[in-house]
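Chemist: Predicted structure and sequence below. I'll ask about it afterward.
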Number of protein chains: 2
Amino acid sequence: VRIEIITIGNELLDGTRVDTNTPFIGAKLAALGGEIVRATTVPDAPEAIAAALERAVAEADVVVATGGLGPTTDDRTKQTVARVLGRPLTLDEEVLARVRAHFESRGAEMPEINIGQAMVPEGARPIENRRGTAPGLVMEDDGVLVFLLPGVPQEMRSMVETYVVPFLEGRGLKRSWEERLIRTTGISESAVAERIAPTAKRLARVEVAYLPGLGGVDLRVTGRGETLAAAARTADRAADRITDLLGPFVYARGPESMEEVIGYLLTMAGATLAVAESCTGGLVGARITRVPGSSDYFGGGVVAYSNDVKKRLLGVRSTTLRSAGAVSGETASEMAEGVRSKCHATHGLAITGIAGPGGGTPEKPVGLVYTAVASKSGTRVSEHRLRGDREAVRERASQAALDLLRRVLLGVAEE
Amino acid sequence: VRIEIITIGNELLDGTRVDTNTPFIGAKLAALGGEIVRATTVPDAPEAIAAALERAVAEADVVVATGGLGPTTDDRTKQTVARVLGRPLTLDEEVLARVRAHFESRGAEMPEINIGQAMVPEGARPIENRRGTAPGLVMEDDGVLVFLLPGVPQEMRSMVETYVVPFLEGRGLKRSWEERLIRTTGISESAVAERIAPTAKRLARVEVAYLPGLGGVDLRVTGRGETLAAAARTADRAADRITDLLGPFVYARGPESMEEVIGYLLTMAGATLAVAESCTGGLVGARITRVPGSSDYFGGGVVAYSNDVKKRLLGVRSTTLRSAGAVSGETASEMAEGVRSKCHATHGLAITGIAGPGGGTPEKPVGLVYTAVASKSGTRVSEHRLRGDREAVRERASQAALDLLRRVLLGVAEE
């Protein structure tokens, strides 16, 4: 099944907005086994929309267009589709009632201009919009399915998930593969490849994609099979093998974030956490508290950016700062122990380093970061040399700190 | 001048990667006065690339294609272009020398496979790649300019800025307009429109675009004129008028972030800052320390997520927490005063609220946030009711807190 995506809007061409609709739709329909043959972005101009649509219905089996369904005069998609497909616009009473109800539910009267939203090309079926007023439309023309969806990402996404995908499944599209995500950190892409490539190459009907990011390297393992169940078994077996080869570098077998994993481990251990941050300035705390319910195990901590705050609020000793320096394993240790004791937590996590761009020296270059975890069984320190600009170093540092905590909670040794 | 953008890569169609090249190129070339007539994304398949290219050279004056210039076998752009334009690939010795030098500068020998990168279509001029090995190419075919650029965003961006834009300016493209950015916060999009729309409508040769985000509403003011200088005067005058109408809601006249503005104001005032965060968990500190050199005015602070840490590290009184609650103006005040005193800063900034999804009550719903600033002239508290999910509330809350500090530093009253 050949699929073409058309996105409509001046704002997508002049750099005002990044087109996230194409990758969303592409991922969903590729997951059904469709082949995305082209994506075209055109301005809100009838000729441009018409040209793209004519070409798409001539070459594809399924066309998904987004944008240009709103009530304002910029929005010419429907008129153009009606003209290109030779289907005059007619008033759909059901859609009109729905648009009117949407306004009434907010205690407002429907503006005159919104009547246009109830005009649909002859023979087109409306798709309910659960997030807004403009309905989507589906019509079949000479065996080609054409979906018209709103451009607002959340409205479009909801329609794709609750209508377009089931509709296409009803037409017999189905995928023959399953994906598994494996998330790693603390190991480079090439080191991951060295460990797993020889095995991965020998696995039949399996593909492994490397997705490196600031938090580590994610692996997407795709298994294929005659049935979805067979594909799932192939993917699961492959993911198990690969996870074994990567050992403690794997922090999640699925889409969970590191902070969610940490939350789970702390909860399981009945432990509580306090954090002392220097170069990350609060990033680790912000990540931990992104998880709803994190107050069950996270009490807070100290952002100790200056030496003065390190001493005053965490009890780091002046002699340590003088002899070892603020960026040192010794300071990281004392910060972790200090915050653990001040906040009465079972575990104290600390981080100190040089994020750059300034502040580096030959002995202590930009990217040098120390992390430490203090607990009743002692304090463990880790040294990292991280790459990238200031934001990259800070992101990587926050991930490294959370990973050290993960390893301590799991009782895993460092490599 | 009609411009078409072609982006090449399976990863852009199957949802693995979002295409940020199109909006970048679109913005740069629209800024030169070009009209972006279409953007097409095609897979790494010769027929698809050829079809897109043939159509583009037939309809546009300038074609910019990105992707498919790497050394691996996926990369078929150059071969396809050579075929479509009837220009056989020939070895460019200068490019070869440059690719070889790139590897040697890293102490490595050039792999055989990279020789392909030095093959260029006859008559094409190479564009130096300062960030990688694959050179870009520019060629002219029947009056149509064709640029081939690498798909890696940072390599592509550098080439567009240092070569494509100057090249097109050399061909006489120039823009007839200037843009000014006005950043506001603490005021809704419709309230902004109410204040400025009547005036903005009357300004000749001026357009105002509303760009709402979690940190507030940005306004992009475009002025047009016969010359760039005239356009700049028009844009400046319009931006001045609009800024006057919005008064203290404007925090920046340009691309500066709120944390950069805060850094500037603290430095000017010779002031120092300490931060106490509850619901944002470190987000405010993370934002402040994103700015290089922030250690000059930011010492640190306390993440006081639990009541226990609020009392223990900030000296918030138990009676306050009991009578007014953790989410209250009283608690925000005591947090700000506590962190100011504990960290010996001139200004203490505090934030406490309910980020959701749980924890709301009819009297204190999700989104209720208090911010406070303590300084030697007293403590100022502000109440906010913020919309959105947990992350949105936290982002908006961090912006509201920084904005309160901005108003205090500027001596501006609240509305």
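Modeler: That came in fine, so what should we check first?
Chemist: from here on, contacts and neighbour counts on C-alpha atoms
Modeler: OK.
Chemist: ok, what's across the strand from A:Ala65?
Modeler: On the basis of DSSP bridges, A:Ala65 is bridged to A:Ile6, A:Leu148.
Chemist: I figured it was touching A:Ile6, is that so?
Modeler: Yes: with contact defined as C-alpha atoms under 8 Å, A:Ala65 reaches A:Ile6; the gap is 4.5 Å.
Chemist: what's the closest residue to A:Ala235 other than its chain neighbours sitting at in phi/psi?
Modeler: The shortest distance from A:Ala235 to any non-neighbouring residue, by C-alpha to C-alpha, 6 or more residues apart in numbering or on different chains, is to A:Gly223 (4.2 Å). Dihedral angles of A:Gly223 (phi, psi; degrees, to the nearest 10) stand at phi -110, psi 140.
Chemist: now swap in the one 4 residues further on and tell me
Modeler: Dihedral angles phi and psi of A:Thr227 (degrees, to the nearest 10) take the values phi -120, psi 170.
Chemist: How about A:Arg340?
Modeler: Backbone geometry at A:Arg340, expressed as degrees, to the nearest 10, gives phi -60, psi -50.
Chemist: before we move on, back to that, counting neighbours, go ahead and name the busier of A:Ala65 and A:Ile6.
Modeler: When A:Ala65 and A:Ile6 are compared for neighbours, A:Ala65 comes out ahead with 30 against 23, by other C-alpha atoms under 10 Å in any protein chain shown.
Chemist: Please report how far the more buried one lies from B:Val275.
Modeler: From A:Ala65 over to B:Val275 the distance is 48 Å, taken as C-alpha to C-alpha, to the nearest Å.
Chemist: what's the answer for A:Pro357, then?
Modeler: 23 Å.
Chemist: More neighbours: which of those two?
Modeler: B:Val275 (32 against 15).
Chemist: After the host helix or strand of that one, which helix or strand is next? Please name it.
Modeler: Using DSSP states H and E, the element containing B:Val275 is strand B:273-277. For strand B:273-277, the following helix or strand on the C-terminal side (DSSP H and E) is helix B:283-288.
Chemist: avg pLDDT for that next one?
Modeler: For helix B:283-288, mean pLDDT rounds to 98.
Chemist: Right, and chain B sits closest to which residue of the stretch 101-250 of chain A?
Modeler: Distances between the stretch 101-250 of chain A and chain B by C-alpha to the nearest C-alpha are smallest at A:Leu211, namely 8.9 Å.
Chemist: For the helix or strand harbouring that residue, buried residues please.
Modeler: Using DSSP H and E, A:Leu211 sits within strand A:206-213. Buried positions in strand A:206-213, judged by neighbour count with 16 or more other C-alpha atoms under 10 Å in any protein chain shown: A:206-208.
Chemist: So which of these reach chain B?
Modeler: When C-alpha under 8 Å from any C-alpha of the partner chain is taken as the criterion, no member of the buried residues of strand A:206-213 contacts chain B.
Chemist: got JSON lines for those residues, with pLDDT and distance to B:Thr77 too?
Modeler: JSON lines is the format used below for those (pLDDT from 0 to 100; distance: C-alpha to C-alpha, whole Å):
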{"residue": "A:Val206", "pLDDT": "94", "distance to B:Thr77": "28"}
{"residue": "A:Glu207", "pLDDT": "89", "distance to B:Thr77": "24"}
{"residue": "A:Val208", "pLDDT": "90", "distance to B:Thr77": "25"}
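Chemist: For the residue in the stretch 251-400 of chain A positioned nearest to chain B, give its distance to B:Ser382.
Modeler: For the stretch 251-400 of chain A and chain B, the shortest gap (C-alpha to the nearest C-alpha) falls at A:Gly282, measuring 3.9 Å. Plainly put, A:Gly282 is 23 Å away from B:Ser382 if you go by C-alpha to C-alpha.
Chemist: So these two - more neighbours on which side?
Modeler: Between A:Gly282 and B:Ser382, counted using other C-alpha under 10 Å, the more crowded position is A:Gly282 (33 against 18).
Chemist: is stretch A:161-172 anywhere near chain B?
Modeler: No: residues of stretch A:161-172 are not located near chain B by C-alpha under 8 Å from any C-alpha, the shortest gap being 14.9 Å.
Chemist: Average pLDDT for that stretch, rounded please.
Modeler: Per-residue pLDDT over stretch A:161-172 has a mean of 93.
Chemist: Stretch A:44-59 now?
Modeler: 93.
Chemist: What residues of that stretch count as buried?
Modeler: Of the residues in stretch A:44-59, those buried (16+ other C-alpha under 10 Å) are A:44-46, A:48-50, A:52-53, A:56-57, A:59.
Chemist: Pull out the CA atoms of that stretch and give them to me as CSV.
Modeler: Only the C-alpha atoms of stretch A:44-59 are listed here, as CSV (Å, rounded to 0.1, in the frame of the first residue of the first chain):
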residue,chain,number,x,y,z
ASP,A,44,-2.2,27.7,1.8
ALA,A,45,-2.7,28.4,-1.9
PRO,A,46,-5.5,26.6,-3.9
GLU,A,47,-3.3,25.9,-6.9
ALA,A,48,-0.5,24.4,-4.8
ILE,A,49,-2.9,22.2,-2.8
ALA,A,50,-4.7,21.1,-6.0
ALA,A,51,-1.4,20.2,-7.8
ALA,A,52,-0.2,18.2,-4.8
LEU,A,53,-3.5,16.4,-4.4
GLU,A,54,-3.9,15.5,-8.1
ARG,A,55,-0.4,14.1,-8.1
ALA,A,56,-1.0,12.1,-4.9
VAL,A,57,-4.3,10.5,-6.0
ALA,A,58,-2.6,9.6,-9.3
GLU,A,59,0.3,7.8,-7.6
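Chemist: in which helix or strand would I find A:Leu12?
Modeler: helix A:10-13.
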